[in-house]
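[1] generate coordinates for the sequence data below:
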Amino acid sequence: MKRVFRKYHRGLAIILCLPIALTVVTGILASIIQDWTFVDTGLSSNLMLKIHTGEIFHLEAIYPILNGLGLIGLLITGMSMTSLFNKKGRSAPKSSS
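    Now for the predicted structure:
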């Protein structure tokens, strides 16, 4: 079962790498541009927010949903590959009286 989840996790990671990285980087840059007035990057915070929300690609209605669903998928497949949810070895220790 872990092999199947690794396959899905790897595929999701490859597909979501660019959109999630773009969202993270533009979100950070938009915050820096808006809040840190002493840093002159030459970029518009409005442009960063348009890229961040997917508005520049005309995907503002679905871009955040796809990012969120992709991250949930990565979380589920990643957590299932850990031994956190294994039932083996989780039995209570027997008391020796």
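[2] quick one: the helices in the protein, in order.
    In the chain, helices defined by DSSP state H lie at 2-35, 45-53, 63-81, listed in chain order.
[3] same question for the last one, mean pLDDT?
    The predicted model assigns helix 63-81 a mean pLDDT of 89.
[4] got it, and the second one?
    In this model, helix 45-53 has a mean pLDDT of 86.
[5] now for that helix, which elements pack on it?
    Using 3 or more C-beta pairs under 8 Å, 6 or more residues apart in numbering; DSSP states H and E as the contact criterion, the neighbours of helix 45-53 among helices and strands are helix 2-35. Using the backbone N, CA and C atoms, a C-beta is placed for each residue, glycine as well.
[6] ok, now with 10 Å
    Helix 45-53 makes packing contacts with helix 2-35, helix 63-81 when contacts are defined by 3 or more C-beta pairs under 10 Å, 6 or more residues apart in numbering; DSSP states H and E.
[7] is it possible to get TSV of those that adds mean neighbour count and distance to T53?
    Below are the helices and strands packed on helix 45-53 laid out as TSV (neighbours: other C-beta atoms under 10 Å; distance: least, C-beta to C-beta, whole Å):
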stretch	mean neighbour count	distance to T53
helix 2-35	14	9
helix 63-81	15	7
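[8] and those helices as CSV, adding distance to F57?
    Shown next, in CSV, are the helices and strands packed on helix 45-53 (distance: least, C-beta to C-beta, whole Å):
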stretch, distance to F57
helix 2-35, 10
helix 63-81, 7
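[9] closest one to L47 among those helices?
    Distances from L47 to each of the helices and strands packed on helix 45-53 were compared by C-beta to C-beta, and the smallest falls on helix 2-35, at 8.7 Å.
[10] between that closest one and helix 45-53, how big is the angle?
    Put simply, helix 2-35 runs at 170 degrees to helix 45-53, going by axes from the mean of the first three to the mean of the last three C-alpha atoms, to 10 degrees.
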